[in-house]
Each structure stands twice: as C-alpha cells, then as structure tokens.
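S.K.: Just a sequence and a predicted model for now, questions to come.
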Amino acid sequence: MTKATEQTAYNEKLEAKLQEVFAGGHPKYHEKLKEQNKLFVRDRLELLFDEGEYTEDGRFANCEAGDLPADGVVTAMGKVNGQTVCVMANDSTVKAGSWGARTVEKIIRIQEIAEKNRVPMLYLVDSAGARITDQLDMFPNRRGAGKIFHNQVRLSGFIPQICVLFGPSAAGGAYIPAFCDIVIMVEGNASMYLGSPRMAEKVIGEKVTLEEMGGARMHCSVSGCGDVLAANEEEAIAEARRYLAFFPANFTEKPALKETVEAKVGRTLEAIIPENQNAPFDMYEAIDALIDEGSYFDVKKLFAGEIITGLARIEGQPVGIIANQPKVKGGVLFVDSADKATKFITLCDAFSIPLLFLADVPGFMIGTKVERAGIIRHGAKLIMAMSSATVPKISVIVRKAYGAGLYAMAGPAFEPDVCIALPTAQIAVMGPEAAVNAVYSNKIEAIEDPKERIAFVQEKHKEYKEEIDIYKMASELIIDEIVAPSSLRSVLADRYRFYSTKDVPQPPRKHPVYPV
Amino acid sequence: MTALKATMAGTVFTVNAAVGEEVTAGQVIIVLESMKMEIPIEAETAGKVATINVQVGDFVNEEDVLATIEA
C-alpha cells in the first residue's frame, strides 16, 4: 500500500466508527422513541446549543463492544445564549440509557471539566439506571456512580446545575435531579422513583401506576421534586435555555443585565389589592405590574401555590421573587411553602440574584396537622435561608404581615436592605380581630348587653388599628419607607441599582447547623 | 363523582350551593374561614351537586370532603 491509500484507509475507518457512534442504538429503539414522542439524544443537543453545535469527549467509549455507542451517554461542551456550558445526555436507544463503567466515568469527567472551567452543568436525563451486570465496575468504587453525586454536591452553589428529565430517572439515578438547582420534567414521559411500581408490588405489595408513583405531574405538584412541567421535549429545552439566561457562569460572577422592557399593561396595584385584609386577590397580577413584561420564569408553579417563587427582571435587572399568594390557602405558610421558598432563596443567593419579598401573609399555619408535620422546624429552615442570604434583599409589605410571617418575609430584623410598606400595609403579631379576642375575651364575654359588647369590640379594634398604623411604624423607623403603589416598580429598580455593589462578609465559621 | 376537599383546616364560613344545583368548573361552592382569611373552595369540574357534607360553623381539617359533585 502506498502512503496515500494507507491514509485514506485510516480516514475511512475513523469515518465508519464515527457514523456508528452518531447512529446511537439499534433502529428499533429509534422507532420506539418516535412512538413515545421522544427525540434522539443528538437532536436534543442540537436544540439545546446555540447553532446546534457542540464539542464532544469520550465518544468512542466502548466502541469495541459493537452495541454500546458512546456507552449510552453524550458528554459535551457548547454554548447556550452565548455562554459556555457542559452537558451530559443519556442515550435511551443504547441499553435504555443505562449506566456502565464508561458511562459513569464520562459523566464524572464532564463534571470535572465544568468545575475547572467554572461553567454551568446540565444533565439531560433519560436512563433506566445501573447496568446490574456491570455493577462491580460502576457502582461501589471511588470513581463509581456515587462519585457523580459527590461531585454534584461539591458543585452545588459553585456553578448552576440544571436537570432536564425526558424519561425515567430510576433508583440511585433519581439523585441526579435531586441535587440539581432546578428540574424540568416532560409530562407523560419523565419520571423519578427509588423503586419502580413492579418493585413496589413485589417488596411492599403496593399496586400503583408509574404516573402515580413518580410521574412528572405528581413530582411537580405533590412531592415538589420537580420544578417545571413541560408539555413536550422542545418546550423543556426552551425552558432550560430561558432559565440559564438569568444565571452567571459561576458564583464569582454576576448575572447579566438586559434592556428594560415596560411592565405589562393592566390594572394598577391600587385596583388589584383589595382594602379588606381578609379578601383574596391574585398576587400574580400584582407581580405583572412590577416586572418587565415577558421576563417571568415560574419555579414550582404547581407546588405549594400559597407561596410564589419566580425569576424575573425589573428594568432589566434580574430578581428572585418570593411572594405570598392570598388566592391559595389565604397565603398562609405551610410545611411545603417553607420548603419551596427555602430552596429558591438559597438558589438566588448562591448566584447573586437579588431577592424581592412581597408580603401578604397571615402567618404560619396552626393546628395539629401542621404541628405534627414539624411546621416549627420547617419555618425555622425558611427563616435561616432568608436570614443568611446576603444578596440585595428588599422586603415589601403589600398588605398584612402577621406574626412569624413578617419574619419569614424578610421583616426589619433580618437585615433587608430596605423594608418598604405600601399604604395598605399592616404589620402586627396578629390581626385586629384575633388580637382583641386574645386580650379581651374574658371582658367581652362579661358584657351582657349585645349592643354594648359590639361597641366595646369596635372600640378596641379601632385602638388596635391605631397602634399598628403604618405611619406610626414609619415614625418609629420600624419600616424605612412608605411608597405609593404606582411608583413601586421604579422605586425597586432604583434601589436594586444602588445595592448592586453590596458585599457582606460571611461570619467566620464552617457552616450553620441546618434546622431540617 | 368528584370530591370537594378542604385545602386547609378551618371553619365553614358560607355554603354557596345546594344539593341538586348545576355548577360550573371554578365556581365557588364553599368558603372556609381560616387564619382570619376567607378560603374559597371551587368546583374542579362542572356538574350537579350530589351532597353537601358540612354546615356553616363546622370545623373541618385539611383533606376533609366538604361536598361531592356528579359529572
């Protein structure tokens, strides 16, 4: 053979091997993908990356095996919204996306690349879990699957970690989403569970469907393990791109500013917020009046609806909003609401996204049901997260802020950069009705004449309302500012600009003891 | 038959529909009072009210069935 033909033979072999890798698993598994309305892993990556371009590592992993192209996982670097990210993406046409030794090694390596380059790490998950036949090579060792989770923990708060779940994430694999900052799930296909329905029936005798056990809708609305429910894969990938636009590459950088977009044209805050403190209204409408139109990204929309957590922009500046929703469960704080807000606050604080608290909260729920569920420690967890956050933190008392609800919503004692009240604000240990009952119940009962009793109660209500009058609170410097609702948006935008250089050193210690 | 459940513990403040009445999805059937707030309980689906299981002033716990609606 001449040198030239030798070279051609080498190139042909490389090309043939590459074609095997790019083709993924057997055609029958590609057919199955179509039936399930799922995309092939390389089509997902093309949708994810700018111009569909990416640079891959370890693509010849297990290329000698014949039926395990790339060993069932693509690991790559590419750009999303112009920003470099690292990705691991399971290929469910290869042994159902299961993990062998090289699959695990590739995932560990791409995590290490993300760490060294300080760029976000995305996990596109669609995997049946470990290959039981390979367990000795991939399960218990120092660089076995456990190392993936160890790395995720090390990376948490260092770089953004995002999970998009297209199919199953079973048993140990379910911890990949669990350690991510956010989990986007495709309805109908995505699932997470430690034990499959089949295993549950065998081991504990429970008969249940996959959807009930660990479906996307269940996790996004009941367990809280999912954050965003997407109708299909295209939407899931688009949401991941939209989410990433709020974040810097790593914790040392600041999120990007964008051009100002005017707020949505709609009713004014004055019209939205009812005067009667006990009447519900829709906090989403109030949020719309404050933020740049089209900028909102809801986190855990379907879970614990009594508190709203979402990313948005105010005059181009990113903010993380934590708002009570009086329309759902009266905006009262529960165990799940505390969980939801805690994770969101730590997410924003980790990546320098300023916080905005919109308070209209009657307090934490009371009663046996929540006490037995540990509402005190869940509330403590929320208060610890909010209190520890050192990003710019603005507390707006929209309407009522009673009891520990005031504390949870970044009340004055928790060092918000400013505590702003709307003229409708009411700050107190409890509402007027409850307070008058608590203090004067014996006296009220002792008054025999009904008219006299009503007059007495009304008089005490009036006194109480004077006691908690918002101007009195401002006069005592309890709150820093009273703002007309119509100017709140521009007041917030100005203040976030002023606080953009905020830099608060952490207390000298290893970490707090989490009250969970 | 769909069950209308209490979303949180509280007392029944008003009952806004009667047995046999046709209701629409999203219609407020019962209002609870809890933590001094009015908590509207809406029909998830349209249908006819089959039973109303509570009276004004009753204490209900989270998840208690307040009424049932026949599709």
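M.R.: Noted; the coordinates are in hand. Numbering: from 1, shown residues only, chains lettered A, B, ... in the order given.

S.K.: quick one, strands of the stretch 101-250 of chain A?
M.R.: A:121-127, A:161-170, A:182-186, A:191-193, A:228-230 (DSSP state E, counting those that start in this stretch).

S.K.: Sorry, slip of the keys, the one I care about is chain B.
M.R.: B:2-5, B:10-15, B:22-23, B:28-34, B:37-42, B:47-52, B:59-60, B:65-70 (DSSP state E).

S.K.: go on, the stretch 251-400 of chain A?
M.R.: So, for the stretch 251-400 of chain A - with DSSP E, counting those that start in this stretch - the strands run A:297-299, A:307-314, A:317-324, A:355-361, A:393-402.

S.K.: Please convert those to CSV, extending it with mean neighbour count and distance to chain B.
M.R.: Glycine gets a C-beta too; all of them are placed from N, C-alpha and C. What follows is the strands of the stretch 251-400 of chain A, written out as CSV (neighbours: other Cβ atoms under 10 Å in any protein chain shown; distance: least, Cβ to the nearest Cβ, whole Å):
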stretch, mean neighbour count, distance to chain B
strand A:297-299, 19, 20
strand A:307-314, 25, 13
strand A:317-324, 25, 11
strand A:355-361, 27, 9
strand A:393-402, 27, 8
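
S.K.: Any chance of JSON lines for those, columns distance to residue B:58 and mean pLDDT?
M.R.: Below are those laid out as JSON lines (distance: least, Cβ to Cβ, whole Å; pLDDT from 0 to 100):
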{"stretch": "strand A:297-299", "distance to residue B:58": "35", "mean pLDDT": "98"}
{"stretch": "strand A:307-314", "distance to residue B:58": "28", "mean pLDDT": "98"}
{"stretch": "strand A:317-324", "distance to residue B:58": "27", "mean pLDDT": "98"}
{"stretch": "strand A:355-361", "distance to residue B:58": "26", "mean pLDDT": "97"}
{"stretch": "strand A:393-402", "distance to residue B:58": "25", "mean pLDDT": "96"}
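
S.K.: ok, residue A:332 to residue A:512 distance?
M.R.: 26 Å (Cβ to Cβ, to the nearest Å).

S.K.: Just want to know which of the two has more residues nearby.
M.R.: Applying other Cβ atoms under 10 Å in any protein chain shown to residue A:332 and residue A:512 shows that residue A:332 carries more neighbours, namely 28 against 11.

S.K.: Does that one touch residue A:304 like I think?
M.R.: No. With contacts counted by Cβ atoms under 8 Å, residue A:332 stays clear of residue A:304, the gap being 10.9 Å.

S.K.: okay, and the common contacts of the two?
M.R.: Residues touching both residue A:332 and residue A:304 (Cβ atoms under 8 Å, 6 or more residues apart in numbering or on different chains): none.

S.K.: Can you tell me which helix or strand of the chain has the lowest average pLDDT?
M.R.: Assuming you mean chain A. Lowest by mean pLDDT, DSSP states H and E among the helices and strands of chain A is helix A:432-446, with a mean of 87.

S.K.: My question was about chain B, not that one.
M.R.: For chain B, judged by mean pLDDT, DSSP H and E, that is strand B:37-42, with a mean of 89.

S.K.: Could you report the neighbour count for residue A:22?
M.R.: 14.

S.K.: Point out where chain A drops to low pLDDT.
M.R.: Along chain A, the model assigns pLDDT under 70 to residues A:1.

S.K.: Tell me which of the strands of chain B sits nearest to chain A.
M.R.: For the strands of chain B, proximity to chain A was assessed by Cβ to the nearest Cβ; strand B:37-42 is nearest, at 3.0 Å.

S.K.: hmm, that closest one in reach of chain A?
M.R.: Yes. Judged by Cβ under 8 Å from any Cβ of the partner chain, strand B:37-42 comes into contact with chain A at B:37, B:38, B:39, B:40.

S.K.: what pairs with the residue most central in space within chain B across the strands?
M.R.: Nearest to the mean C-alpha position of chain B, by Cα atoms, centre = their mean, lies residue B:30 at 3.8 Å. According to DSSP bridges, the residues that bridge with residue B:30 are residue B:15, residue B:41.

S.K.: what residues are up against the closest residue to chain B within the stretch 301-450 of chain A?
M.R.: Closest approach between the stretch 301-450 of chain A and chain B, counting by Cβ to the nearest Cβ: residue A:330, at 3.0 Å. Applying Cβ under 8 Å, 6+ apart to residue A:330 gives the contacts A:280, A:306, A:362, B:8, B:34, B:35, B:37, B:38, B:39.

S.K.: hmm, try it at 7 Å
M.R.: A:280, A:362, B:34, B:35, B:37, B:39 (Cβ atoms under 7 Å, 6 or more residues apart in numbering or on different chains).

S.K.: Same list (those residues) but as TSV, adding neighbour count.
M.R.: Shown next, in TSV, are those (neighbours: other Cβ atoms under 10 Å in any protein chain shown):
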residue	neighbour count
A:280	20
A:362	27
B:34	23
B:35	27
B:37	25
B:39	23
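
S.K.: For these, give me TSV that also has distance to residue A:375.
M.R.: Listed next are the contacts of residue A:330 as TSV, based on distance: Cβ to Cβ, whole Å:
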residue	distance to residue A:375
A:280	22
A:362	14
B:34	14
B:35	13
B:37	17
B:39	18
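
S.K.: and chain B, which of its residues are near chain A?
M.R.: B:7, B:8, B:9, B:34, B:35, B:36, B:37, B:38, B:39, B:40, B:61, B:62 (Cβ under 7 Å from any Cβ of the partner chain).

S.K.: ranges for the helices of the stretch 151-300 of chain A?
M.R.: Taking DSSP state H, counting those that start in this stretch, the helices of the stretch 151-300 of chain A run over residues A:175-179, A:197-204, A:210-214, A:216-218, A:233-244, A:269-272, A:283-290.

S.K.: who in the stretch 401-516 of chain A is up against chain B?
M.R.: Checking the stretch 401-516 of chain A against chain B by Cβ under 7 Å from any Cβ, the hits are A:431, A:433, A:434.

S.K.: I'd like to know which of those residues are buried.
M.R.: A:431, A:434 (16 or more other Cβ atoms under 10 Å in any protein chain shown).

S.K.: Residue numbers of the stretch 51-200 of chain A in contact with chain B?
M.R.: Counting by Cβ under 7 Å from any Cβ, the stretch 51-200 of chain A has no residue next to chain B.

S.K.: Could you check which residue of the stretch 51-200 of chain A lies nearest chain B?
M.R.: Counting by Cβ to the nearest Cβ, the stretch 51-200 of chain A gets nearest to chain B through residue A:187 (18.5 Å).

S.K.: Residue A:19: neighbour count?
M.R.: Residue A:19: 10 surrounding residues under other Cβ under 10 Å.

S.K.: Any idea which residue of the stretch 1-150 of chain A lies closest to chain B?
M.R.: residue A:37 (26.9 Å).

S.K.: Setting aside sequence neighbours, what's the nearest residue to that residue?
M.R.: Using Cβ to Cβ, 6 or more residues apart in numbering or on different chains and skipping the chain neighbours, the partner closest in space to residue A:37 is residue A:232 (6.6 Å).
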